[in-house]
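> Sequence and computational prediction follow.
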Amino acid sequence: MKGTNLDIAIIGGGASGMMSALSAVKQSEKLNIAVFERLDRVGKKILATGNGRCNFSNINTSVSHYHGQVPDFADYPLKEFTVDDTVNFFNTLGVFPREERDGRLYPFSLQASAVLDCLRNELSRRNITVYTSRKIIDIKHKGSVFRLSDQDKNSYTAKSVIIAGGGCASPSLGSDGSAFDLLKSLGHRMEKTYPTLVQLRTDTEGIKGLKGIKTEAKVSLIHGDRIITAKQGELLFTDYGISGPPVFDISVELTGKKNASVEIDFMPEYDEKAVFEILKHRTGVLSHLTAENYFVGLLNKRVGNLIARRAGIQKLSMSVSEFTEVLLWKLAANIKHYSLNITGTQGYDNAQVTAGGISVAEFDNKTMESKVISGIFACGEVLDIYGDCGGYNLQWAWSSGYVAGRECALKCLKYRK
């Protein structure tokens, strides 16, 4: 395939890439638009979101849920294509929404495949060309056009290019960092990247025997003797550390921090004195038990046994009748402040999102166009904007993709006049 001529070339067939294509064609069906995806199918990462249910947005979306060197960059796109716009857009494609905890929005069928199928059907209906197994490895700006080359040495020309290739997170689902290289080759600078919305590795002694246990808890990120952030939800213990929604949430704030720790509060509904009083009452009514069974009915038994050991109970065969007030205060303290040192994360292979990316200082947030090279647009995760867990990152993909596609199309139409 030599010399394919396009109005708009979109690099990346994920959420922001597909949205930018549909936004562009909405301006004019006469535009020749093509999406290039390096995998054998577009939108694979969508299938993995929300545990396969696709948490496609959040009713609480605001710029306060976003991060990066300049998080306010997200403000205009999020207001230009809002959560209501997203819901209405997907409604027109057949996706009816379901709201769950903390404002998270899912398709009513709770099937991520439904969201992807509707997007793919709309791309087909709009006659947008989709090239799969095509990795764009080079972009050259020559005169008024861009010349693109793929891994098989096929060449394409385009009046404008939208780079929507994602970051480094979950490379098996499409994002391998190559979009960063394309933008850097065009003169853009990049902020350091880190995996985020990711499981945390911790010292394993403090979680020994807890693999697979889930419990409601508040998890705080501690750095330099200061609480950076705290989130509550279902905590999952693993063989390497901790996972679950509150862990993903606090991992966003871990970016670039060393020697951090987490503090787990197993009874966030009560302060430490109230926990002490609860334990004191249990000691009176459960004096016939041993320490091994003391927490049954209050906390997970295995969690309780680790707390007991941390509080100084050497043998779980110790009688509850021997518990002193000093020991009860130690137990209460460990229930409220169970500390684990963070040794790392599970890396990009397991991360949902990339923190960092191409500097947004070199883009106009009202158009998503480069300030370095006219005709280059970018959207989604490739830019240094990332959101909290709970649908915020997909909303950024829809919003930034919508603005990029619209403004890129309007620019192409202006050239035609």
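All right, it came through fine. Numbering: from 1, shown residues only.
> Quickly list the domain ranges of this structure.
4-189+353-416, 199-346 (automatic domain parsing).
> what distance separates the start and the end of the shortest one?
Read it as domain 199-346. 6 Å (Cα to Cα, to the nearest Å).
> average pLDDT across that domain?
The pLDDT scores in domain 199-346 average 96.
> what's the answer for stretch 368-381, then?
Rounded mean pLDDT across stretch 368-381 is 97.
> And stretch 140-149, what's buried?
Across stretch 140-149, burial judged by 16 or more other Cβ atoms under 10 Å covers 145-146, 148. In this view, the C-beta of every residue, glycine as well, is placed from N, C-alpha and C.
> So which of the residues you listed sit within strands?
In this view, the buried residues of stretch 140-149 that belong to strands under DSSP state E are 145-146, 148.
> before we move on, back to that, save the buried residues of stretch 140-149 as JSON lines, and put in distance to Leu93 and pLDDT too.
Putting the buried residues of stretch 140-149 into JSON lines (distance: Cβ to Cβ, whole Å; pLDDT from 0 to 100) gives the following:
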{"residue": "Val145", "distance to Leu93": "33", "pLDDT": "95"}
{"residue": "Phe146", "distance to Leu93": "30", "pLDDT": "97"}
{"residue": "Leu148", "distance to Leu93": "29", "pLDDT": "97"}
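> so which helix or strand takes in Gln232?
strand 226-237 (DSSP states H and E).
> That strand: which residues count as buried?
Neighbour-count burial for strand 226-237 [16+ other Cβ under 10 Å]: 229-233, 235-237.
> Stretch 360-367 now?
360, 362-363, 365, 367.
> likewise stretch 214-224?
So for stretch 214-224, counting by 16+ other Cβ under 10 Å, buried means 217-223.
> Closest one of those residues to Pro171?
Distances from Pro171 to the buried residues of stretch 214-224, taken as Cβ to Cβ, are shortest for Leu221 (26.0 Å).
> OK, contacts around the closest one?
Listed by Cβ atoms under 8 Å, 6 or more residues apart in numbering, the contact set of Leu221 reads 227-230, 250, 253-254, 260-262.
> List phi and psi for it.
Main-chain dihedrals, Leu221, degrees, to the nearest 10: phi -90, psi 120.
> Pick the one among the buried residues of stretch 360-367 closest to Asp40.
For the buried residues of stretch 360-367, the nearest to Asp40 is Phe363 (30.3 Å; Cβ to Cβ).
> can you tell me which residues contact that closest one?
Per Cβ under 8 Å, 6+ apart, neighbours of Phe363: 73, 369-371, 378, 383.
> Select from these the one having the most neighbours.
Within those, Leu383 tops the neighbour count with 31 neighbours, counted by other Cβ atoms under 10 Å.
> Now do the buried residues in the lengthiest helix in the chain.
Ranked by residue count and defined by DSSP state H, the top helix of the chain is helix 392-416. Within helix 392-416, the residues that count as buried by 16+ other Cβ under 10 Å are 392-409, 411-412.
> and it, how far out from the chain's middle?
Chain-centre distance of helix 392-416: 21 Å, with Cα atoms, centre = their mean, to the nearest Å.
> same question, stretch 161-174
Using Cα atoms, centre = their mean, the offset of stretch 161-174 from its chain centre is 13 Å.
> in that stretch, what's buried?
In stretch 161-174, the ones that count as buried by 16+ other Cβ under 10 Å are 161-170, 173-174.
> avg pLDDT for that stretch?
90.
> What of stretch 120-127?
Per-residue scores along stretch 120-127 average to 97.
> quick one, helices of the stretch 1-150 of the chain?
15-27, 44-48, 75-80, 83-93, 112-125 (DSSP state H, counting those that start in this stretch).
> tell me what the shortest one is packed against?
In terms of contacts (3 or more Cβ pairs under 8 Å, 6 or more residues apart in numbering; DSSP states H and E), helix 44-48 is packed against helix 112-125.
> Check the buried residues of stretch 360-367 against Val198 and report the nearest one.
Closest to Val198, out of all of these and judged by Cβ to Cβ, is Val360, at 22.1 Å.
> which ones are touching Gly17?
Neighbours of Gly17 in contact, by Cβ under 8 Å, 6+ apart: 10-11, 35, 37, 42, 162, 164-165, 379-380, 401.
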